[in-house]
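*Asks:* Any chance you can model this:
(chains A, B and C)
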Amino acid sequence: MNDAAPASVDLRYEQYDGAKEAEFLPAIRQLISKDLSEPYSIYVYRYFLYQWGDLCYMALDAANNLIGVVVSKLEDHRSGTFRGYIAMLAVQEGYRGKGIATKLVKLAIDAMAARDADEVVLETEVTNTASLKLYERLGFLRSKRLHRYYLNGNTAFRLVLYLKEGTAVKMPQQQQQQASYGDEYGVQNSLLTHHAVV
Amino acid sequence: MAEASGQPSPKDEINAICQDVSSLHLNGAVDGHDGQPQPLQPLSASMAPVLAKPVANGGTKSWDITEEFTKAAAALEVGQLVKDDYFTLFESVAALEIMDPKMDSGVLQPGETLEHDYDLQKDLLPEEVIGIMDQLLCYEMVWHEGYPLSQNLFTSVHLDRLLWPEPRILEEARFDRGRPASPMAVMNQILRAYCLALIKCCDRVIQTVTSRDYYEEEDFSTHTYNRPLLTQIDETEIQQELSHCGEWLANELGTQHSMSTSLRRALESRLGFRQTLLSAMHQDANDPLNALDPLWRSTITFFSDIKSTHALGRPVPEAFSPKLQRRLASTVPPRPVVEYTFDEALQKMTLLCEHSLETIRAMDIGSSSTAGLLPLAYPRALLASFIFGGPPEAFSSVLQRDMEKLVFTEDAVLDPLNWTIETSRSSLVPHDPRALMAKTIDDFLARTSQAEIFDNELRHLSKDTLLNPLMTWTYYHKLRQMEWVVQLGFEQEIYQPDELVGMYWWLSQIASSRYTVLEHILPFMRRRHTRFTKRKQVREASSVSRTVDYVDAMIREAKGTTLLAECLSTLYALLHYLKLLPVPERPFSAPALRYELRMKPFLLTVEPPTPPPFDEYRQRTHPLGDYDQPSSDELSKGLKAMSADADDAVKMAKAEFAALKKLGAKAARCEAVEDAWKKNIASMLSSCVAAGIATSAVKAACSERGGVSRPPPLKIEMPEAGKRYHDWWVVPKVVG
Amino acid sequence: MSNERAVAYLTQLIGKTLRITVTDNRMFEGQMKCTDRDRNVILALTHEYRPPSEEAIKKAIAESGSSSVMLPHSSRFMGLVVVPGEHITKIELEDRSLNQPPVL
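*Replies:* Next up, the predicted model:
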């Protein structure tokens, strides 16, 4: 698509800022919905960006065009861990293969680690080798095969990266408030699934 | 139906007045504030003049607030939401966006309409009926594979007409509904009977699957879009329709119509198949198993005729329309119709019947089922319904038989006088057993401590009983499940190439523990056998002799597993030392954290094997130091020793599996699934051969080269799952 | 209009049954849960109502021979939906407990 993209690009990496919703949210929506088969309504973006805007990073070119974005969240998981979740990752087609996605993911992981996350989790299609490679190079391991996870019928791997020792033996706290199931169960699962185009 | 607006309208400006739409609501899905469905006032269609004033109807009023709403919304800030306090953004994630074709199945392309143009009353040719039946079978199997009905069977115009609106009696389920009743053409009647039986089979499958406590949503969709699948209609009525059509074919048609014998046979085999399948599926867990066995068997006999006559059919693509999906109640985005070829579908149906039959046979003679092709949701639910859905004795007898064949053969403990067990109904045979296995390991932990208490009591009650029989039995099964968790990881490609050293090492630890347990049982059973033989207690002796064979077979299997896993672990470590298999850098994770993640399912175990501390694990999997910088003292000697070990291990593994093969399926208690068992052993033997070849190549490379300064000129190919001799054994191919 | 007044007005509509017609003439009836500056409205327990197609009307007239016929809207349950503001052509409030619509 974007064949005119220069071989090496000078990009700025910026944390999302809610005050700039009018400027960036439409661009984020457009970039992500363009390439991903999973459909998201505007409220899906709001769900992530209103609560975890600080875990969203954007790659912008000199003219402030959105070249890449990563959208994540971080909350208590019912397993007892404080779990980061990478929800969406996309880079404009002409800019892929230049390490932009890796840089964005690193920024998100660093931000989660700084906020004391135990682990980082995501799902990606078993056939999406570019995405699997990206995460596995960073240190993610496959933890589970999720049969027919996506709306298009494709199967996913859940990938996990532990950030702290003792994560595997954490237990749910008693009387813990109802945990979020969004990334694993229920109707929502088809809408909260991670797709990466990198 | 609501009154038409009294005003006569010009012909091209007709008021299309809505029916009392509340009658179409689903489950009385609320629109009145009291939760009761209530009549809606007539709605004006697009062409009708806008209702300017509130109209009272059933107490409902409505106002056009477009202008006020728009003004108010425009006065909100960017990003500001006005929302129900109890409504969270998390919930909003599931909302379907209207007018987005990816989410809203109701969006029509310009010029597109919802109506299909298939005439359900037209007389069908026998060839067309066959074509439609075979397409239905394809969609039926797509559904069995887990896709919702909207993506397969519910695209059938015929099924749609039979099912909606819901027929109260079978008579109402006709293709010519809503028209004056007229005699149905014979071919349409045959198709109708087939469709009715198909629907009833689906109904039965849903009931069997949902009657179990547990099934994975991604495996099987029970959603019927608020269309009951003839649930209220008695199965025998449908059987009668089928018999009726069958007789017709046999008697009248052959003479009156000029239908060829092959066409008649094609139709007969399809009706016959439906008839027996419906009967087989209508049995339940309380029926005697020996009544079910012949039903499944005879269902299978129809497949060769169905297959050979498939070419006679003529496809009728107009009889299927993906548009029907858009009229179904749907809270999910539209999904594409999934297509299988007829051969694929027939193969899947054959497997479904074979697995169901296997289940029944296994229950009947106490044989084990094999690994291999994953059964569909239905046979799994069937198995679960036999174990947990039947009388409590059924569950008890499954456990009892299993204990009997391992630890209690001809033991007084199992005398019915001494034996009662409480039924647990909380478990089931899962589709993706890996995660569940991991959970059951924890259950077994709890059970082991209970078993210890019972065992202590047993020791006082009975002198002639294996030491700690219940603990032995639970421990044995726990180890098996631990092995499966790891093996399924290989099968599902969970592990990356550089994790194989560690995972095969861990597998060998588990399998060797299992081997040790079996070795504790074997001498006891041998002594018991000798005693019975001396006393000329022939029946008892032969029964114990079976257990001796069984334990012996399991010992071979556990030993073979241990050795082959050892070989592969060592082989992969060698490949790393020889720099033939790279280890990724992984800047964001530490090896100890990855080890913790991998060992998560096993961290709570207390009996051996328990995952060792990381340093010990590291040492075991890196015997010559870091793969990148091995300790240089006598490195070449170390490599040679490792390759010799791997070579020895694979040779012994092969001998164990060969011995197991010789003992046979009966000894392994797999006689009900003998073919699958043999195939499995053959695949394991092939894996040993392949591992032997790879080991020899690496061994040669090690002895040729003094050090590892330069990698030997070899290339490694890693076979992916599905292309291996056995999916549990990732054997690298070493290419010179 | 002040933001405060706008919020006050829209808040009254929360939980009420709205009928929202969109550009392709379908109507969605459900309980309002949320909206924003762009009139993206979230409705819960939503039913979709679709008027009969022109062809169906023509056919029905031809068959009945009269100038006025009754045809059903087809309806189905869709649950939770977002109706994007850009596609909305009409918003109606349904409430039998009110004698007049809320005032802006």
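*Asks:* in chain C, which ranges drop under the pLDDT threshold?
*Replies:* Applying pLDDT under 70 to chain C flags residues C:98.
*Asks:* of all of it, which residue lies closest to chain A?
*Replies:* Ranked by C-beta to the nearest C-beta, the top residue of chain C for proximity to chain A is C:Val82, at 4.5 Å. Every residue, glycine included, has its C-beta placed from N, CA and C.
*Asks:* Bridged to that residue, which residues?
*Replies:* B:Glu97, C:Ile42 (DSSP bridges).
*Asks:* Could you list which residues are in contact with it?
*Replies:* A:41-43, B:92, B:95-98, C:40-42 (C-beta atoms under 8 Å, 6 or more residues apart in numbering or on different chains).
*Asks:* which residues in chain A form strands?
*Replies:* A:12-15, A:57-60, A:66-76, A:82-91, A:119-125, A:141-146, A:156-162, A:195-197 (DSSP state E).
*Asks:* Now the weakest link among those strands, please, by mean pLDDT.
*Replies:* Of all the strands of chain A, the minimum mean pLDDT falls on strand A:195-197 (a mean of 50).
*Asks:* how about the residue of chain C positioned farthest from its centre, phi and psi?
*Replies:* No residue in chain C sits farther from the centre than C:Gly65, which is 32.0 Å out by C-alpha atoms, centre = their mean. Main-chain torsions, C:Gly65, degrees, to the nearest 10: phi 80, psi 0.
*Asks:* how close does it sit to B:Gln283?
*Replies:* Look at C:Gly65 and B:Gln283: by C-beta to C-beta, to the nearest Å, they are 55 Å apart.
*Asks:* that's a strand at B:Phe87, yeah?
*Replies:* No: B:Phe87: not assigned to a strand; according to DSSP: H, G, I helix; E, B strand; the rest coil it is coil.
*Asks:* That one contacts C:Lys33, correct?
*Replies:* Yes: using C-beta atoms under 8 Å as the test, B:Phe87 is close enough to C:Lys33 to be in contact (4.5 Å).
*Asks:* Mutual contacts of the two, please.
*Replies:* With C-beta under 8 Å, 6+ apart, B:Phe87 and C:Lys33 have common neighbours C:42, C:44.
*Asks:* Those two: which is more packed in?
*Replies:* Using other C-beta atoms under 10 Å in any protein chain shown, the more surrounded residue of B:Phe87 and C:Lys33 is C:Lys33, with 24 against 19.
*Asks:* Does that one lie in a helix or a strand, and which?
*Replies:* strand C:27-35 (DSSP states H and E).
*Asks:* contacts for that strand?
*Replies:* A:43, B:31, B:40, B:43, B:73, B:81-84, B:87, B:92, B:98, C:10, C:13-22, C:41-50, C:78, C:80-81, C:83, C:94.
*Asks:* In helices only, show me the residues you listed.
*Replies:* Using DSSP state H, the members of these that fall within helices are A:43, B:73, B:92, C:10, C:13.
*Asks:* Can you mark which positions in the host helix or strand of B:Cys202 are buried?
*Replies:* Secondary structure assigned from DSSP H and E places B:Cys202 in helix B:186-210. Along helix B:186-210, these residues count as buried under the neighbour rule (16 or more other C-beta atoms under 10 Å in any protein chain shown): B:186-209.
*Asks:* So which bits of stretch B:536-546 are buried?
*Replies:* Neighbour-count burial for stretch B:536-546 flags B:540-541, B:543-546 (criterion: 16+ other C-beta under 10 Å).
*Asks:* Save the contacts of C:Val82 as JSON lines, and put in neighbour count and distance to B:Met642 too.
*Replies:* Output for these, formatted as JSON lines (neighbours: other C-beta atoms under 10 Å in any protein chain shown; distance: C-beta to C-beta, whole Å):
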{"residue": "A:Ser41", "neighbour count": "26", "distance to B:Met642": "57"}
{"residue": "A:Ile42", "neighbour count": "19", "distance to B:Met642": "59"}
{"residue": "A:Tyr43", "neighbour count": "25", "distance to B:Met642": "58"}
{"residue": "B:Ser92", "neighbour count": "23", "distance to B:Met642": "58"}
{"residue": "B:Ala95", "neighbour count": "27", "distance to B:Met642": "59"}
{"residue": "B:Leu96", "neighbour count": "25", "distance to B:Met642": "59"}
{"residue": "B:Glu97", "neighbour count": "22", "distance to B:Met642": "59"}
{"residue": "B:Ile98", "neighbour count": "28", "distance to B:Met642": "64"}
{"residue": "C:Asn40", "neighbour count": "24", "distance to B:Met642": "64"}
{"residue": "C:Val41", "neighbour count": "26", "distance to B:Met642": "68"}
{"residue": "C:Ile42", "neighbour count": "26", "distance to B:Met642": "63"}
